[in-house]
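Enquirer: coords below, sequence missing:
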């Protein structure tokens, strides 16, 4: 099924400017998301994802409480989460294998969400990129959106803090952390360990 925004199927945008013009609430949501307060993250139960890697887990995992990645500039950090099972996958995508990565990300979450008693949907959160001169970030933003549109599952785009709204023409090293246990959404920082740029976090 195509990608959905507010439960409505969207067409593939020609640019991120076009996307935010059609769905201005995404840009406002990104602004609100970036303005959330910063708190420290305990790295003891953190599973770190490097560039071109992804990892998936569930709230039943006793070893991993946080999925995290950092040092993303033109790269995008992709989080897919099943609202019923709480299973989530975080990926650090650089555009080298977008079309093969996205199906694996989705499969990682759906394979951990087969319990019929935990009905839910797949939510997508995209963070990263800036308006670089070579348009590398812009191309990756559009390719990720297109790749998720091609999946057979319904996927709901909830957060879209990407090229065109995230960092404009300024280069930052981006960090993203997902907390497996149910809590709220906050901006996060690993203090001095990851003090290179903005850090974002999702809580289950």
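Expert: Thanks, I have it. Keep in mind the model is a prediction, meaning the values are calculated, not measured. Numbers count the residues shown, from 1 in each chain.

Enquirer: roughly how far does the residue sitting furthest away from the middle of the chain sit from residue 123?
Expert: Among residues of the chain, the one most distant from the C-alpha centroid is residue 117; the distance is 25.9 Å, by Cα atoms, centre = their mean. Using Cβ to Cβ, to the nearest Å, residue 117 is found at 19 Å from residue 123. Where you see a C-beta, it was placed from the backbone N, CA and C, and this is true even at glycine.

Enquirer: same check on residue 142?
Expert: Separation of residue 142 from residue 123 (Cβ to Cβ) stands at 20 Å.

Enquirer: could you check which of these two is surrounded by more residues?
Expert: Each of residue 142 and residue 123 has its neighbours counted (other Cβ atoms under 10 Å); residue 142 has more, 21 against 18.

Enquirer: ok so the more buried one is a helix residue?
Expert: Yes. Counting by DSSP: H, G, I helix; E, B strand; the rest coil, residue 142 is located in a helix.

Enquirer: check contacts around it.
Expert: For residue 142, the contacting residues are 12, 13, 15, 16, by Cβ atoms under 8 Å, 6 or more residues apart in numbering.

Enquirer: same check on residue 44?
Expert: Residue 44 touches nothing, counting by Cβ under 8 Å, 6+ apart.

Enquirer: and the pLDDT for it?
Expert: pLDDT, residue 44: 77.

Enquirer: likewise for the one 3 residues further on?
Expert: In this model, residue 47 is scored at 86, pLDDT.

Enquirer: greatest separation within the contacts of residue 142: which pair is it?
Expert: 12 and 16 (11.8 Å; Cβ to Cβ).

Enquirer: check which helix or strand covers residue 33.
Expert: Residue 33 is part of helix 24-34 when elements are defined by DSSP states H and E.

Enquirer: residue 46 contacts residue 70, doesn't it?
Expert: No. Residue 46 lies out of contact with residue 70 (Cβ atoms under 8 Å); the separation is 10.7 Å.

Enquirer: of those two, who's got more company?
Expert: Each of residue 46 and residue 70 has its neighbours counted (other Cβ under 10 Å); residue 70 has more, 21 against 17.

Enquirer: report how many residues lie close to residue 116.
Expert: Every residue meeting other Cβ under 10 Å relative to residue 116 is counted, giving 6.

Enquirer: ok, it to residue 81 distance?
Expert: 18 Å.

Enquirer: is it true that residue 16 touches residue 161?
Expert: No. With contact defined as Cβ under 8 Å, residue 16 does not reach residue 161; the gap is 11.0 Å.

Enquirer: which one of these two has more residues nearby?
Expert: Counting neighbours by other Cβ under 10 Å for residue 16 and for residue 161 shows that residue 161 has the greater number, 26 against 23.

Enquirer: show me where pLDDT drops low in this structure?
Expert: 1, 37-41, 164-177, 179-204 (pLDDT under 70).
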